[in-house]
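J.: model this:
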Amino acid sequence: MRSNIWKANKNTAMVIAALACAMLAASTSAFAVPATQVSRVLIFNNFEGLCCSLWNQTVKITEPAAVVPVIVTWSADVAPNDEFIVGLSLNGGSCIAYGSREIDLFAPGGSGYTSTTHQWVILPTDGLKKGTNTFALCGGGTGSPADFIDIGLSTLTVQISN
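T.: Prediction:
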């Protein structure tokens, strides 16, 4: 009889330990940092023409089964010769500004370059889908086909929102 009690207590202890591990795993995943992807370009690029063309900078992120908003941020040193706009192509679609889009034409102190940062919140209703979503930087001039912009060091990040 004593061996049956020992087996029952041992089995109960194993079940309790397994449940504790499962609860610990669930609680730590609830506080996990959201998924992020970053593209950093350390060379200078020059783009010419009217809006909109792709600017050779892309990030991807994998959405969970329940699609949630993402935050996309682009920051760069730029030197446009005329008014320029910037946006995103979501999953190969059109170039859209999901918020701010104007790039400042005037650099402080006449240096030619100015820093610009644009941040967009992309909602599931904007076309996000379950699985992999691709965000490509795009933009162009607003005045003439001869408009050009030099883009210095830049970063493009995408992060799933909480």
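
J.: can you tell me which strand in this structure is longest?
T.: Determined from DSSP state E, the single longest strand within the chain is strand 148-160.

J.: in its sheet, what does it sit against?
T.: Under the criterion DSSP bridges, strand 148-160 sits next to strand 36-41 (antiparallel), strand 45-48 (antiparallel), strand 70-80 (antiparallel) in its sheet.

J.: Give the next helix or strand downstream of the longest one.
T.: This points to strand 70-80. For strand 70-80, the following helix or strand on the C-terminal side (DSSP states H and E) is strand 84-90.

J.: quick one: average pLDDT of the helix or strand just after that following strand?
T.: Per DSSP H and E, strand 84-90 leads on to strand 95-96 as the next helix or strand towards the C-terminus. Averaged over strand 95-96, pLDDT sits at 94.

J.: List the pairing partners of strand 95-96 within its sheet, with orientation.
T.: Here, using DSSP bridges, strand 95-96 pairs with strand 84-90 (antiparallel).

J.: domains for the protein, by residue range?
T.: The record's domain split for the chain, according to automatic domain parsing, is 1-32, 36-160.

J.: Including mean neighbour count, could those go into TSV?
T.: Glycine gets a C-beta too; all of them are placed from N, C-alpha and C. Formatted as TSV, these follow (neighbours: other Cβ atoms under 10 Å):
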stretch	mean neighbour count
domain 1-32	9
domain 36-160	16
